Structures are given as structure tokens and as C-alpha cells.
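> Next input, structure requested:
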Amino acid sequence: MALVIGVVATILSTIYSYILMGIIDTELIDKLRIVAEEKITNNPKIPENYYDIAMERLDKQFTLNRMLIMGSIGGTVIYAIIGLIAAAFIKKEESPADMAL
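Okay, here's the model as predicted:
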């Protein structure tokens, strides 16, 4: 049941994200990319020769289709894991009377 709820929530989230980033604020992805680039360039742990490689990866990852696909897959997996953990704690123990049937 948790997986079904998770899939529905992921579908709704994906639709909302598409409407937000694809229709309402088409510049949002560019804004996110700029923030990510600033974090990379301001991070002292990242060597300067890695900047070009990191920027190329950002260009590949910060596309609308890629973000929607990864969000859909990631959301479904996370909800499945949460459902399995919850099921482990809520699991009913069978009584001896039930086993005889």
C-alpha cells in the first residue's frame, strides 16, 4: 500500500515540477545551475582543474527531462524503502490459532 501511495505522490510531484519549471518559471533551472556553479567555485575542497568537468556535468544534469526522470525514479525508490521499513515494524505476528487454519 505504501508503494502505491508513493507512486501517486511521485506522479503528482513530477506533474507539479513540470508545470513549475516548464511553464510557470522557465528560468528556474538556469537559476539552480547558477547557484550550483557558485557553490562549486566557492568550495575550497574542489581543485580548480576539476571546474570544467563539474560544469559539463551540471549542463547534462540540469535539464528539465533529466530532473523529472531522476525525481520520479528517486521518489519511487525512497517511498518503497520507507514502506518496507514501516511494514517491518507494523508486521502482524500470527497467533497459533491462525496457523491451525
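> just the helices in the protein please.
2-18, 28-42, 51-61, 64-90, 96-100 (DSSP state H).
> Pipe these into JSON lines and attach mean neighbour count per row.
For every residue, glycine as well, the C-beta is placed using N, CA and C. JSON lines is the format used below for those (neighbours: other Cβ atoms under 10 Å):
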{"stretch": "helix 2-18", "mean neighbour count": "14"}
{"stretch": "helix 28-42", "mean neighbour count": "13"}
{"stretch": "helix 51-61", "mean neighbour count": "12"}
{"stretch": "helix 64-90", "mean neighbour count": "13"}
{"stretch": "helix 96-100", "mean neighbour count": "7"}
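> Generate JSON lines for those, with mean pLDDT as supplementary columns.
Shown next, in JSON lines, are the helices of the chain (pLDDT from 0 to 100):
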{"stretch": "helix 2-18", "mean pLDDT": "93"}
{"stretch": "helix 28-42", "mean pLDDT": "93"}
{"stretch": "helix 51-61", "mean pLDDT": "90"}
{"stretch": "helix 64-90", "mean pLDDT": "92"}
{"stretch": "helix 96-100", "mean pLDDT": "63"}
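> Tell me how far residue 56 lies from residue 37.
12 Å (Cβ to Cβ, to the nearest Å).
> What of residue 57?
Plainly put, residue 57 is 11 Å away from residue 37 if you go by Cβ to Cβ.
> again with residue 27
15 Å.
> now residue 54
Note on residue 54: its distance to residue 37, by Cβ to Cβ, is 8 Å.
> Equivalent analysis for residue 43, please.
Separation of residue 43 from residue 37 (Cβ to Cβ) stands at 11 Å.
> cool, and residue 53?
Taking Cβ to Cβ as the measure, residue 53 falls 13 Å from residue 37.
> Over to residue 3?
Applying Cβ to Cβ to residue 3 and residue 37 gives a distance of 37 Å.
> what do you get for residue 61?
In this view, residue 61 and residue 37 are 12 Å apart by Cβ to Cβ.
> What about residue 92, how many residues nearby?
Residues within reach of residue 92, counting by other Cβ atoms under 10 Å, total 6.
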